[in-house]
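1. Build me a model:
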Amino acid sequence: MFCHAGLGLTWLAHLLAIPPTLFWAGFWLAPSAVTTILFEERTPEWAVPRCIGLGDVAHLYEAGLSVRPRDIRANFR
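-> Below you'll find the model as predicted:
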């Protein structure tokens, strides 16, 4: 799935059963970040979502690009 900040955080909060307001206040996703969700099959009918990577930007650094923070600029120098 491809989405940006607000929708991405809301969707992740829903999948991981975390209140959205807590997720919005405590997590930040960089533009072009990759988040990986593994759906662990428990039974043939049920799977449990597990976040195995949140906001990974290694591909940007590998390409020589910088992360451009939005909304938390004071934390980046």
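2. Now do the longest strand seen in the chain: which elements does it pack against?
-> Ranked by number of residues, the top strand in the chain under DSSP state E is strand 47-56. Applying 3 or more Cβ pairs under 8 Å, 6 or more residues apart in numbering; DSSP states H and E, we find strand 47-56 packed against helix 5-16, strand 34-41. Where you see a C-beta, it was placed from the backbone N, CA and C, and this is true even at glycine.
3. Direction included, what does that strand pair against?
-> strand 34-41 (antiparallel) (DSSP bridges).
4. Buried residues of the next helix or strand after the longest strand of the chain, list them for me.
-> Where DSSP states H and E defines the elements, the next helix or strand beyond strand 47-56 is helix 58-62. Judged by neighbour count (16 or more other Cβ atoms under 10 Å), helix 58-62 contains these buried residues: residue 60.
5. so how far is residue 43 from the closest residue to residue 54 other than its chain neighbours?
-> Once flanking residues are discounted, residue 54 sits nearest to residue 35: 5.2 Å by Cβ to Cβ, 6 or more residues apart in numbering. Going from residue 35 to residue 43 by Cβ to Cβ, to the nearest Å gives 25 Å.
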